[in-house]
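Visitor: Generate coordinates for the sequence data below:
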Amino acid sequence: MGIHDGHREKMRQRFLKGGLENFADHEALELLLYYAIPRRDTNPIAHALMERYGSLSAVLAAPADDLKKVEGIGESAAVLLKLVPQLTQKARLAEAERVLNSSDRAGAYLLDLFSGQTHEVVYVLCLDRKGKLITHKRLGEGGISSAGLDIRKLVECAILSSASAVILAHNHPSGIALPSNDDFAATDRAREALKNIDVQLADHIIVADGDFVSLADSGYLT
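Guide: Below is the predicted model:
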């Protein structure tokens, strides 16, 4: 038995009996790192991660390349730290209400979809006649204002999924969900392009800092 095996087993048993409720954030990281760093004390590595990023959520949101700047974090550990939150997000989305026939339902779905994003991303949600989600697709990174909306991809996704309506969505990492002039212009372009294939633009939702703004609710799409 290695020098750290006894401590590791105690931590594992503590988790199996009571979950993470009584674990400090650095202890939770220490336990997780056991499965990527088998023969090293992961306690100081966990502390170093918390000192560098300031919070558990910030550690899990950090880019893999930056995580590897922390001593002791190699490729396997960085991949594990990135995998856990994304796997959790994927499970939440799979279990989420898939009938997105209101801005509240669509907004709640998108808050999960955009969770952890640190830069602008554009998505399209393709819906059937009853508002049920058929598929969602990332149209691009960089946002609507800085990279431009790829109308061809938007139309292609709507056609390939046989959508009756789509919801356009993007995030504002600045933390302000209010639409810009570029957002309104992109909405107009999307609506006109979709109209040509007889698909409705049901909404354009902007997500920021745990909140969202619906252009449909604002009356812009009526």
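
Visitor: Any stretches of the protein with poor pLDDT?
Guide: 1-5, 95-97, 143-148 (pLDDT under 70).

Visitor: could you redo the last one with a cut-off of 50?
Guide: Scanning the chain for pLDDT under 50 picks out 1, 146-147.

Visitor: any idea how it splits into domains?
Guide: Listed domain ranges for the chain are 5-92, 98-214 (source: automatic domain parsing).

Visitor: most neighbours per residue, which of the ones you listed?
Guide: domain 98-214 (a mean of 18; mean count of other Cβ atoms under 10 Å). All C-beta spots, glycine's among them, are computed from the backbone N, C-alpha and C.

Visitor: For that domain, measure first residue to last.
Guide: The first and final residues of domain 98-214 sit 18 Å from each other (Cα to Cα, to the nearest Å).

Visitor: Now find how far off-centre that domain is within its chain.
Guide: Relative to the chain's own centre, domain 98-214 is displaced by 14 Å; criterion: Cα atoms, centre = their mean, to the nearest Å.

Visitor: quick one on the thing from earlier: among the domains of the chain, which is nearest L221?
Guide: Checking the domains of the chain against L221 by Cβ to Cβ gives domain 98-214 as the closest, at 6.5 Å.

Visitor: what helices or strands is the longest helix seen in the chain leaning on?
Guide: With residue count as the measure and DSSP state H as the assignment, the chain has helix 75-95 as its longest helix. With contacts taken as 3 or more Cβ pairs under 8 Å, 6 or more residues apart in numbering; DSSP states H and E, helix 75-95 sits against helix 25-33, helix 56-61, helix 64-67, helix 103-113.

Visitor: chain center to it: distance?
Guide: That offset, for helix 75-95, works out to 10 Å (Cα atoms, centre = their mean).

Visitor: Distance to S162 for the helices and strands packed on helix 75-95 - can I get that in CSV?
Guide: Formatted as CSV, the helices and strands packed on helix 75-95 follow (distance: least, Cβ to Cβ, whole Å):
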stretch, distance to S162
helix 25-33, 42
helix 56-61, 35
helix 64-67, 37
helix 103-113, 19
